[in-house]
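[1] Predicted model and sequence below, questions to follow.
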Amino acid sequence: MNVDYIRLVPHVASIICYNTRMAKRLTKENLFKIGALVLTVAAFAGAVFAVSKIMAGRNEGTPVHTGNGKQVFTHDGKDYYLNDNIETILVMGIDTDENIGQTGKYVNNSQADVIYLFVIDNKAKTYRTLQLNRNTITGIKTLSADGRDTGITNMQLSLSHSYGRDDSDRCLNTVDAVSALLYDIDIDHYVSLTMDAIPVLNDSVGGVTVTVPEDMTAADPSFVKGATVTLHGDQAEKFVRSRMSLPNDTNEFRMQRQQLFMSDWRDKVNSKIGGDLGFALNMILDISPYMVSDMSVNALADFANTLSDYEDLGSMSPEGEVRDGELFKEFIVDRVDLENKVVDLFYKEANG
């Protein structure tokens with residue numbers, strides 16, 4: 001419980017006790033006033049308690065604990081040990097209409113619109129991707145305009161990238177939010193790319209080919225439902241990013257298109273790497289002006305080359321419910337489904 005709430009309780013009690021002792025001297029009007037005062041104080045105490053629950057840790061009742069010196073996840077009556085062979089890389093697509101960089105601003109309009117976590121099993125030589133909905137409501141670290149820590153606030157996951165002292169700090173804030181959402185899974189590395197990088201990535205493989213799932217002619221005349229289109233230049237960004245102008249303006253539809261784009265792009269990257277060992281390095285150099293990462297250019301190229309030899313086991317996304325928030329859409333993740341996916345991706349049965 002929040003310490004401010006604990007300190008408030010004795011004050012509420014003393015007000016009630018004092019007014020009980022004075023009851024014989026009270027008029028009907030004063031009784032009404034004191035009753036209103038007590039209700040007001042009690043309501044304030046309740047509000048403080050409610051806020052303390054929101055501002056408290058993001059994993060209340062977390063199934064993660066330690067056993068035999070290992071991280072253990074208890075799920076559906078079974079214990080699972082963390083898979084030591086797992087490596088994770090968080091990839092973020094950043095939407096912003098300003099050049100942020102090292103501006104010294106602690107709060108800005110930079111948002112993580114695309115959020116993929118690559119989960120790599122270096123022993124099995126496989127990898128999977130977990131796609132997270134940008135509208136997922138979860139606890140994120142927030143800052144005031146002057147850089148003071150203002151605690152944990154429940155809001156859209158994408159907004160985690162709006163808080164930080166510089167680009168790296170904003171990335172780390174998103175890393176922390178995703179880690180907490182996934183029951184404190186360690187995230188080893190991060191890569192963020194502004195949306196300006198999409199045409200560069202697309203053209204590096206000679207154009208990504210997609211089948212347009214729904215009418216998108218408001219974004220591009222060639223985006224007719226059912227049409228097979230090889231994207232070139234700015235078409236790629238329109239396909240991946242467009243939303244508000246479309247008949248289906250949901251983020252879920254945009255996530256579907258991101259998956260279509262990523263699927264063909266990965267296949268073409270792997271094919272290119274197979275025929276040119278220097279392809280990955282050249283591609284990373286081309287997108288480096290749009291990129292922030294804790295990995296070097298060479299390390300990222302090595303990572304791309306490694307994944308081309310690993311088996312892609314596909315992508316998944318947590319299930320949940322889309323709701324209308326006060327200002328924006330909110331995605332409320334299904335905790336049971338999320339736990340299932342966390343266990344599947346990161347853990348192995350203790351007796352297995």
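    Yep, it's here. Because the structure is a prediction, the values reported are computed rather than measured.

[2] Strands along the stretch 251-352 of the chain, start to end?
    For the stretch 251-352 of the chain, applying DSSP state E, counting those that start in this stretch gives strands covering 291-293, 311-316, 320-324, 329-333, 347-349.

[3] And those strands: which comes nearest D264?
    Comparing the strands of the stretch 251-352 of the chain against D264 with C-beta to C-beta, the closest turns out to be strand 311-316 (12.4 Å). C-beta here means a position set from N, CA and C on the backbone, and glycine is covered the same way.

[4] Send me that closest one as PDB with only the CA atoms.
    Output in PDB follows, covering the C-alpha atoms of strand 311-316 (Å, rounded to 0.1, in the frame of the first residue of the first chain):
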ATOM      1  CA  GLU A 311      14.500 -21.400 -38.800                       C
ATOM      2  CA  ASP A 312      11.800 -18.800 -38.600                       C
ATOM      3  CA  LEU A 313       9.000 -20.300 -36.400                       C
ATOM      4  CA  GLY A 314       6.600 -17.400 -37.200                       C
ATOM      5  CA  SER A 315       5.000 -14.500 -35.400                       C
ATOM      6  CA  MET A 316       2.400 -14.200 -32.700                       C
END
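
[5] Direction included, what does the helix or strand that contains T129 pair up with?
    Taking DSSP states H and E as the criterion, the element that holds T129 is strand 126-132. Its sheet considered, strand 126-132 pairs with strand 111-121 (antiparallel), strand 311-316 (parallel) by DSSP bridges.

[6] so which of those strands gets nearest F223?
    In terms of C-beta to C-beta, the element of the strands paired with strand 126-132 nearest to F223 is strand 111-121, at 19.0 Å.

[7] residues of that closest one that come out buried?
    Neighbour-count burial for strand 111-121 flags 111-121 (criterion: 16 or more other C-beta atoms under 10 Å).

[8] how about the helices of the stretch 1-150 of the chain, start to end?
    Assigned helices in the stretch 1-150 of the chain, in chain order: 3-21, 28-55 (criterion: DSSP state H, counting those that start in this stretch).

[9] Hmm, I typed the wrong one, I wanted the stretch 151-300 of the chain.
    With DSSP H, counting those that start in this stretch as the definition, the stretch 151-300 of the chain shows helices at residue ranges 167-181, 197-204, 234-241, 251-275, 279-287, 297-309.

[10] so where is the stretch 51-200 of the chain shaky, pLDDT-wise?
    Across the stretch 51-200 of the chain, the ranges flagged by pLDDT under 70 are 51-61, 97-104.

[11] if you set the cut-off to 90 instead, what comes out?
    Counting by pLDDT under 90, the ranges of the stretch 51-200 of the chain that qualify are 51-73, 75-79, 95-110, 145-147, 165-166.

[12] Let me see the domain layout of this protein.
    3-55, 64-92+99-191+320-352 (automatic domain parsing).

[13] Could you look over the ones you listed and pick the most buried one?
    Comparing the domains of the chain by mean neighbour count (mean count of other C-beta atoms under 10 Å), domain 64-92+99-191+320-352 comes out on top with a mean of 17.

[14] now D203: how far from I89?
    Using C-beta to C-beta, to the nearest Å, one gets 23 Å for the distance from D203 to I89.

[15] likewise D344?
    Here D344 is placed at a distance of 18 Å from I89 (C-beta to C-beta).

[16] just N109 next, same as before
    Applying C-beta to C-beta to N109 and I89 gives a distance of 25 Å.
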